[in-house]
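>>> could you work out the structure for the sequence below:
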Amino acid sequence: MSRTHCHRCGRRLAEGELKYHVAVRVRSLFDGTIPEAGEDDTEDGMERLLRELSDVGEEELNSQVYEDDVFVMCLPCKEAFLENIYSHIHPKATPEHGRAHLLH
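Residues are numbered from 1 along each chain as shown. The predicted structure is shown next:
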């Protein structure tokens, strides 16, 4: 008996049933621009920033830089997941219209 469940709907997925491994990789992006020096760039501003960061846990700070998640999904949930992601980018981002052009 399979103990694999869809991470989206929770349904148990039988052995041999079609299922998908969905990996999500999120990385922070630096565009090469550093904002102009402002009043927060003074020594007092830096001290305040360091105090604020000392209250934030390492895991939370890391999640602001990168996150990797892996899910197992059934076919309907995989399709709903992709539709949700791509529908915000382009209203015709469906399997029927193709998504490859949106992956750049």
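>>> low-confidence stretches in the chain?
Scanning the chain for pLDDT under 70 picks out the ranges 1, 37-42, 88-104.
>>> phi and psi next, for E60.
phi -70, psi -40 (degrees, to the nearest 10).
>>> got the buried residues for stretch 12-24?
Buried residues in stretch 12-24, defined by neighbour count with 16 or more other CB atoms under 10 Å: 13, 19-20, 22. Bear in mind the C-beta positions are built from the backbone N, C-alpha and C, glycine included.
>>> name the residues that touch that stretch?
Under the contact criterion CB atoms under 8 Å, 6 or more residues apart in numbering, stretch 12-24 has outside partners 1-6, 67-75, 78, 81.
>>> can I get it in CSV, CA atoms only?
Below are the C-alpha coordinates for stretch 12-24, written out as CSV (Å, rounded to 0.1, in the frame of the first residue of the first chain):
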residue,chain,number,x,y,z
ARG,A,12,-3.5,9.2,-1.2
LEU,A,13,-1.7,8.2,-4.5
ALA,A,14,-1.8,4.6,-5.3
GLU,A,15,1.3,2.7,-6.4
GLY,A,16,1.8,3.0,-10.1
GLU,A,17,-0.6,6.0,-10.3
LEU,A,18,0.5,9.0,-12.3
LYS,A,19,2.1,11.5,-10.0
TYR,A,20,4.4,14.5,-10.4
HIS,A,21,7.5,15.7,-8.6
VAL,A,22,7.2,19.5,-8.5
ALA,A,23,10.4,21.4,-7.4
VAL,A,24,10.2,25.0,-6.6
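>>> rewinding a little: now, which of the buried residues of stretch 12-24 lie within helices?
With helices defined by DSSP state H, no entry of these lies inside them.
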